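A.B. asks: Turn this into a model:
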Amino acid sequence: MQDSSDIFEADLSGLDWQDWLERAEELAGEAGYCQPLGERHAALLIERKPVLLVSFENFERLEVTSDLGQPLGWTMMEALGWSHLCLLSEGETWFRDPRVYGYFDRLIDDGFFDGYDEVIFYGAGACGYAAAAFSVAAPGARVLMLRPQATLDPRVTEWDDRYVSMRRTSFTDRYGYAPDMLDAAANAVLLYDPEVELDAMHSALFNRANVLRFRTRHMGYDIEERLARMGMIARLLAQLSAGKLSELSLARLWRGRREDTPYLFNLLRRLVSDQRDHLTVLHCRNALTRRVGGPRFRKAMHVAEARLQGAGG
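C.D. replies: Numbers count the residues shown, from 1 in each chain. Modelled structure (predicted):
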């Protein structure tokens, strides 16, 4: 069996698609496998404890969430000893590929998910769509999604003009409309930024009794990267597994953004853009007092104070 330390210390950054898959196969060893699913998808399984995290991840984004170019799910393997099944795509495919469907069909036929005490699906964006869509393969699973799309079927979401190249791809056959695929889930949690209008519109399509939708304002498109940097994704998954991820616990975790300088600077830019000088001064003073702001906060505060004094004069 491959030693755990070899896996978590392995540097997979800078590798191309084929080399990465070959290295991942070596690291999985006898504890799992790395199986190509056509030219643009692969499945990487590593067995540990009887809690399984099924993550959908984009190969091009691995180095965004991991300095070592590792799947984000390996964080949970290292922290909690979970088993991990990573579905990996080369590019944004939304995992709409018959080979991927066939792989999940085989897992269902083999009773694969029945061998785990708990199954959790995770993904962001196109991968968030896939996490919801394929969760139907494991009834009773829990799902965490970050800004997922519900479908790219133009008959339903013709208002979303961001992914025009996907409009010829079928979202109406197997594992198609993501909100419907969540009907068998124990519960699902969806995080999104309401100020990204099209993401908010997709979120509204997930308005189901077993789906908790939570607003993460000022996170924008980079919600996964920013939450990963704050260490929140691992905590979200851990609480989801324990059945403790409620609106209240989400709000408590969300308070962690107050210690994240990049988030605070993103908020500062919004305040400056809207010329909210009084709030800008308060925001900068708070950040500087708590030592989570730097020279840019001090400069913005002085500019806003000068504007306020000029208006008062």
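A.B. asks: Mind listing the residues bridging to the residue most central in space within the chain?
C.D. replies: For the chain, the residue nearest the mean C-alpha position is residue 124 (3.3 Å; C-alpha atoms, centre = their mean). Beta-bridge pairing for residue 124 (DSSP bridges): residue 146.
A.B. asks: which is the next helix or strand following the lengthiest strand in the chain?
C.D. replies: With secondary structure taken from DSSP state E, the chain has its longest strand at strand 49-58. Following strand 49-58 in sequence order, the next helix or strand is helix 62-65 (DSSP states H and E).
A.B. asks: And the strands in the stretch 51-200 of the chain?
C.D. replies: Using DSSP state E, counting those that start in this stretch, the strands of the stretch 51-200 of the chain run over 82-89, 118-124, 142-146, 187-192.
A.B. asks: Pairing partners for the longest one, with directions?
C.D. replies: Read that as strand 82-89. Using DSSP bridges, the strands paired with strand 82-89 are strand 41-46 (antiparallel), strand 49-58 (parallel).
A.B. asks: before we move on, the earlier item: what would the strands of the stretch 51-200 of the chain look like in TSV with mean pLDDT?
C.D. replies: Shown next, in TSV, are these (pLDDT from 0 to 100):
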stretch	mean pLDDT
strand 82-89	97
strand 118-124	98
strand 142-146	98
strand 187-192	98
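A.B. asks: could those be laid out in CSV, adding distance to residue 63?
C.D. replies: All C-beta atoms are positioned from the backbone trio N, CA, C, and that covers glycine. Below are the strands of the stretch 51-200 of the chain laid out as CSV (distance: least, C-beta to C-beta, whole Å):
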stretch, distance to residue 63
strand 82-89, 13
strand 118-124, 15
strand 142-146, 18
strand 187-192, 22
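A.B. asks: Which among these is found nearest to residue 207?
C.D. replies: strand 187-192 (9.8 Å; C-beta to C-beta).
A.B. asks: With just CA atoms, put the closest one into PDB.
C.D. replies: Presented in PDB, the C-alpha positions along strand 187-192 are these (Å, rounded to 0.1, in the frame of the first residue of the first chain):
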ATOM      1  CA  ASN A 187     -29.600  17.300   2.200                       C
ATOM      2  CA  ALA A 188     -27.600  19.700   0.100                       C
ATOM      3  CA  VAL A 189     -26.000  23.100   0.800                       C
ATOM      4  CA  LEU A 190     -25.400  25.700  -1.900                       C
ATOM      5  CA  LEU A 191     -23.200  28.800  -1.500                       C
ATOM      6  CA  TYR A 192     -23.400  31.600  -4.000                       C
END
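A.B. asks: So what touches it?
C.D. replies: Under the contact criterion C-beta atoms under 8 Å, 6 or more residues apart in numbering, strand 187-192 has outside partners 128, 132, 135, 142-148, 182, 199-200, 202-203, 206, 208, 210-216, 219, 223, 227, 236, 240, 245, 250.
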